[in-house]
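Undergrad: Test case, fold it:
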Amino acid sequence: MAYVGHTVTCLDNNQERVAGLREGRVPFYEPGLKELIVRSAGRLHFAGSERLAEAVREVDVLFVAVGTPQGGDGSADLSNVADVARAMGCALAGSPPREFPLVVVNKSTVPVGSAYYVSTLINDGIDDAGGEDAKFRVASNPEFLREGSAVHDSLFPDRVVVGTDSREALDALRTLYTPIVEQSFPTEWDPRPKVAVPFVTTDLASAEMIKYAANAFLATKISFINEVANLCELVGADVSEVAYGVGLDDRVGSRFLSAGLGWGGSCFPKDVAALRATARKYEYETPLLDAAAAVNERQRRRVIHKLQQDLHSLEGKRVALLGLSFKPNTDDLRGAPSLTIAGALNSLGARIVGYDPVAAKAAAKLVPDIQAVLDPYEALEGAHAAVVVTEWEEVRGLDPLKAASLMRDPKLIVDGRNALDAAALREAGLLYRGFGRGYDKG
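TA: Numbers count the residues shown, from 1 in each chain. Prediction:
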């Protein structure tokens, strides 16, 4: 928002994080974000959450962008949202009368009905502070960016979705997003011709549901192709060829048809679980979503099965995990398949070495007894087997001959992303096992 011309203040209750951001240090790995912050200097400010009252007096739009982690029953934990909403109400109670209402926007992924919940909590905060009725409106504006390409997805989104029952809130957000919707901001970030971005306006509940439905559909699409991949192994078909042929149908599309370890991260697992939890509250069964989650869990266990087929006992065997973050170009380990696989390998007595260019140190803190390294060849040295978990470019570009020279027999490669050239690996003397790539007997 600062890059396209608005004045933005970011508030956080973590003072160390705020101090780092003021000095230009980004607290996580996201390509292009540091450069974007530098280019937005002068319009972008960072402050502690104690400045909330001041912000409420000065700003036109306030985004709630806090975490909504998965609770024990699968539902979204809204405690962070609730804390912000109550504090906002207290701040509104003590602020001077506004000419125009403050537009409060739920950017966090929240269950259907959360906009009304936030409105109630803001009013509770106003009452607790002994304030009079204050002008504010609540809107829902779900995010659809992908970790690893968040800068691009924010500036060049597929769509902008706004849900509200307030004309004032809608007008404010339409104005706010005009540079992005019209692609009218000057940029060298993307060389493609600028095309207007769809601006979707709807009611609050529908906007909240769009976010969950989109992620649940994509997760189900991945689980579907993984189910097909498992059948391909049985009948001798190659899922890569099958996915290509199916994806050419424009009713299906080619994206999210990559077979392998399945989905992870902070969004798909959490959002699918939250949607299933919402259904349970209404005593509605979701067999399709239940199956998608079950297939995804099974794919991670299939890695262990593939290792055992060729290594038999894993006790004392050295296994390299190539890639630890849940996807390339991020250091995020939330929901990462590597953690599940490492836990299973640990329980079976394997010796684990994990490679990741940005997440290795963080993974070492989460996985007991893992040797974390920053060089993929160091991970392969002396390994009986390697599992491709995250298809980093450094993993895709492995030299098969060098890998074969470093590994111990049977020099097994389990390609959890079907990212490598099976023929080249086999020619180099490596034993290759993919997911759904024919009988895979080499």
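Undergrad: Surely residue 203 and residue 165 touch.
TA: Yes: using C-beta atoms under 8 Å, residue 203 makes contact with residue 165 at a distance of 6.5 Å. (Each C-beta comes from the backbone N, C-alpha and C, glycine too.)
Undergrad: list the buried ones in the longest helix along the chain?
TA: Determined from DSSP state H, the single longest helix within the chain is helix 204-235. For helix 204-235, burial by neighbour count (16 or more other C-beta atoms under 10 Å) applies to 204-205, 207-212, 214-216, 218-230, 232-233.
Undergrad: Show me what that helix packs onto, helices and strands only.
TA: Using 3 or more C-beta pairs under 8 Å, 6 or more residues apart in numbering; DSSP states H and E as the contact test, the elements touching helix 204-235 are helix 114-128, strand 136-140, strand 160-163, helix 239-247, helix 268-281, helix 287-311.
Undergrad: Dump the ones you listed to JSON lines, plus mean pLDDT.
TA: Formatted as JSON lines, those follow (pLDDT from 0 to 100):
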{"stretch": "helix 114-128", "mean pLDDT": "91"}
{"stretch": "strand 136-140", "mean pLDDT": "96"}
{"stretch": "strand 160-163", "mean pLDDT": "98"}
{"stretch": "helix 239-247", "mean pLDDT": "97"}
{"stretch": "helix 268-281", "mean pLDDT": "93"}
{"stretch": "helix 287-311", "mean pLDDT": "96"}
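Undergrad: how about these in TSV, adding distance to residue 422?
TA: Output for those, formatted as TSV (distance: least, C-beta to C-beta, whole Å):
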stretch	distance to residue 422
helix 114-128	47
strand 136-140	46
strand 160-163	41
helix 239-247	10
helix 268-281	27
helix 287-311	14
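Undergrad: Would you tell me which one of these is buried the most?
TA: Stretch with highest mean neighbour count among those: strand 136-140 (a mean of 25; mean count of other C-beta atoms under 10 Å).
Undergrad: Pull the residues that contact the next helix or strand after that strand.
TA: Next along the chain after strand 136-140, taking DSSP states H and E as the criterion, comes helix 150-155. By C-beta atoms under 8 Å, 6 or more residues apart in numbering, the residues outside helix 150-155 that reach it are 3-4, 30-33, 36, 144-146, 180, 185, 187, 189-190.
Undergrad: Let me see the contact set for residue 306.
TA: By C-beta under 8 Å, 6+ apart, residue 306 lies in contact with 414, 433.
Undergrad: meant to ask about residue 425
TA: Taking C-beta under 8 Å, 6+ apart, one finds 400, 403, 413, 432 in contact with residue 425.
Undergrad: farthest pair in those?
TA: Greatest spacing in the contacts of residue 425, by C-beta to C-beta: 403 and 432 (11.0 Å).
Undergrad: avg pLDDT for stretch 87-95?
TA: Average pLDDT, stretch 87-95: 89.
Undergrad: what about residue 387, helix or strand, and which?
TA: strand 385-388.
Undergrad: where does that strand sit relative to the chain's centre, distance-wise?
TA: The chain centre lies 24 Å from the centre of strand 385-388; the measure is C-alpha atoms, centre = their mean, to the nearest Å.
Undergrad: ok, then the element right after it?
TA: Moving toward the C-terminus from strand 385-388, the next helix or strand (DSSP H and E) is helix 393-396.
Undergrad: residues of that next one that come out buried?
TA: By 16+ other C-beta under 10 Å, the buried positions in helix 393-396 come out as 394-395.
Undergrad: Tell me where this protein is predicted with low confidence.
TA: Applying pLDDT under 70 to the chain picks out residues 133-134, 191-192, 440-442.
Undergrad: circling back to that earlier point, just the angle between the longest helix of the chain and strand 136-140, please?
TA: Put simply, helix 204-235 runs at 20 degrees to strand 136-140, going by axes from the mean of the first three to the mean of the last three C-alpha atoms, to 10 degrees.
Undergrad: centre of the chain versus helix 204-235, how much separation?
TA: Relative to its parent chain, helix 204-235 has a centroid offset of 15 Å by C-alpha atoms, centre = their mean.
Undergrad: now stretch 78-91
TA: Relative to its chain's centre, stretch 78-91 lies at 24 Å (C-alpha atoms, centre = their mean).
Undergrad: mind starting the numbering at 170 from now?
TA: Done: numbering now begins at 170, and the last item shifts to stretch 247-260.
Undergrad: Using the record's assignment, carve this protein into domains.
TA: Following the assignment in automatic domain parsing, the chain carries domains at 177-371, 372-611.
Undergrad: out of these, deepest packed?
TA: Ranked by mean neighbour count under mean count of other C-beta under 10 Å, the domains of the chain are led by domain 372-611, which reaches a mean of 19.
Undergrad: And the helices in the stretch 470-611 of the chain?
TA: Assigned helices in the stretch 470-611 of the chain, in chain order: 506-516, 529-535, 545-549, 562-565, 569-575, 591-596 (criterion: DSSP state H, counting those that start in this stretch).
Undergrad: Quick one, which of those helices gets closest to residue 342.
TA: Closest among those, using C-beta to C-beta: helix 529-535, at 35.5 Å.
Undergrad: What helices and strands are in contact with that closest one?
TA: helix 506-516, strand 520-524, strand 540-542.
Undergrad: dump the residue contacts of the residue nearest to residue 597 when sequence neighbours are not counted.
TA: The shortest distance from residue 597 to any non-neighbouring residue, by C-beta to C-beta, 6 or more residues apart in numbering, is to residue 569 (3.6 Å). Neighbour list for residue 569: 590, 593-594, 596-597, 599 [criterion: C-beta under 8 Å, 6+ apart].
Undergrad: could I get stretch 593-611 in CSV with only the CA atoms?
TA: Provided in CSV are the C-alpha atoms of stretch 593-611 (Å, rounded to 0.1, in the frame of the first residue of the first chain):
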residue,chain,number,x,y,z
ALA,A,593,19.7,-38.8,-15.6
LEU,A,594,19.7,-40.0,-12.0
ARG,A,595,19.4,-43.6,-13.1
GLU,A,596,22.1,-43.2,-15.7
ALA,A,597,24.4,-41.8,-12.9
GLY,A,598,23.8,-45.0,-10.9
LEU,A,599,21.2,-43.7,-8.5
LEU,A,600,18.1,-45.6,-7.5
TYR,A,601,15.1,-43.4,-8.3
ARG,A,602,11.6,-43.5,-6.8
GLY,A,603,9.1,-40.9,-7.7
PHE,A,604,5.4,-40.5,-7.0
GLY,A,605,3.0,-41.9,-9.5
ARG,A,606,5.6,-42.2,-12.2
GLY,A,607,4.7,-45.6,-13.7
TYR,A,608,5.9,-48.8,-12.1
ASP,A,609,9.1,-47.0,-11.2
LYS,A,610,11.2,-50.1,-11.3
GLY,A,611,14.2,-48.4,-13.0
